[in-house]
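Visitor: no FASTA, just this:
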């Protein structure tokens, strides 16, 4: 009888722990709002970065993210309109860092090679961000370089989240126009297919 009771207690405890383990943790959510239209080479694009929380809690400890991108396609311009709460709770920035130089940054994307690290800490402002959600954290601007790709992605890696929370983000794709060019200063050449198209355009068959 005693063994049966002990066994029943063990099973109930195991089930409770399993249910608790399987419960989904609340999320700190980052959304990159990228343009729907195709972007031309040489254009500057500004991408708003928005923040929300799955359970609506707007008084957490803070958040740290890394924005990863392909520097052969995008040239970092600046960060602006960032969310600031007080002198001591302003975000910290580290820009144009090589992904290879930070061994623990991993977004499982071999195309990204550079990153921008940003962190907010809400130690002195009554919880972070302590404003209505969702809220815009900042705008990040890139210039599209001369290249032959038709798309590129920007990824988010969470370097820190509040206790008990996990990070969740989108991985938007930016569509690019492949244009004809022969800019020797940028080591770009017109490939054979583009050359044939160009000849047809000027009247040669």
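Guide: Received it, and whenever you're ready, just let me know what you need. All figures in this text were calculated on a predicted structure; none of them were measured in a lab.

Visitor: For the residue positioned nearest the centre of the chain, name its beta-bridge partners.
Guide: Centroid-nearest residue in the chain: residue 156, 2.5 Å away (criterion: Cα atoms, centre = their mean). When bridges are called by DSSP bridges, residue 156 pairs up with residue 67.

Visitor: do the same with residue 174
Guide: residue 152.

Visitor: what's the answer for residue 44, then?
Guide: Here residue 44, judged by DSSP bridges, has bridge partners residue 143.

Visitor: Tell me who's in contact with it.
Guide: Neighbouring residues of residue 44 by Cβ atoms under 8 Å, 6 or more residues apart in numbering: 77, 141-144. Any C-beta I mention is one placed from the backbone N, CA and C, and that applies to glycine too.

Visitor: Next one: it, what pLDDT does it get?
Guide: The score at residue 44 is 95. That number is its pLDDT.

Visitor: the helices in this protein, which residues?
Guide: 2-22, 192-201 (DSSP state H).

Visitor: now the chain, which segments are flagged as low pLDDT?
Guide: By pLDDT under 70, the low-scoring segments of the chain are 1-23, 85-90, 123-126, 178-205.

Visitor: what's the spacing between residue 104 and residue 169?
Guide: 17 Å (Cβ to Cβ, to the nearest Å).

Visitor: try residue 80
Guide: From residue 80 to residue 169 the distance is 20 Å (Cβ to Cβ).

Visitor: Between the two, point out the one with more neighbours.
Guide: Between residue 80 and residue 169, counting by other Cβ atoms under 10 Å, residue 169 is the more crowded of the two (19 against 10).

Visitor: Would you mind confirming that the more buried one is in contact with residue 161?
Guide: No - at 11.4 Å, residue 169 does not count as touching residue 161 under the criterion of Cβ atoms under 8 Å.

Visitor: List the residues that contact residue 105.
Guide: Contacts of residue 105 (Cβ under 8 Å, 6+ apart): 66, 68, 99, 115, 157, 159.

Visitor: please redo it, this time with the cut-off set to 7 Å
Guide: 66, 99, 115, 157 (Cβ atoms under 7 Å, 6 or more residues apart in numbering).

Visitor: Check residue 96 too.
Guide: With Cβ under 7 Å, 6+ apart, residue 96 has these contacts: 76, 114.

Visitor: Roughly how far does it sit from residue 75?
Guide: Going from residue 96 to residue 75 by Cβ to Cβ gives 10 Å.

Visitor: neighbouring contacts of stretch 62-72?
Guide: So stretch 62-72 is contacted by 28, 30, 99, 105, 107, 109, 111-122, 128, 140, 142, 145, 147, 152, 154-162 (Cβ under 7 Å, 6+ apart).
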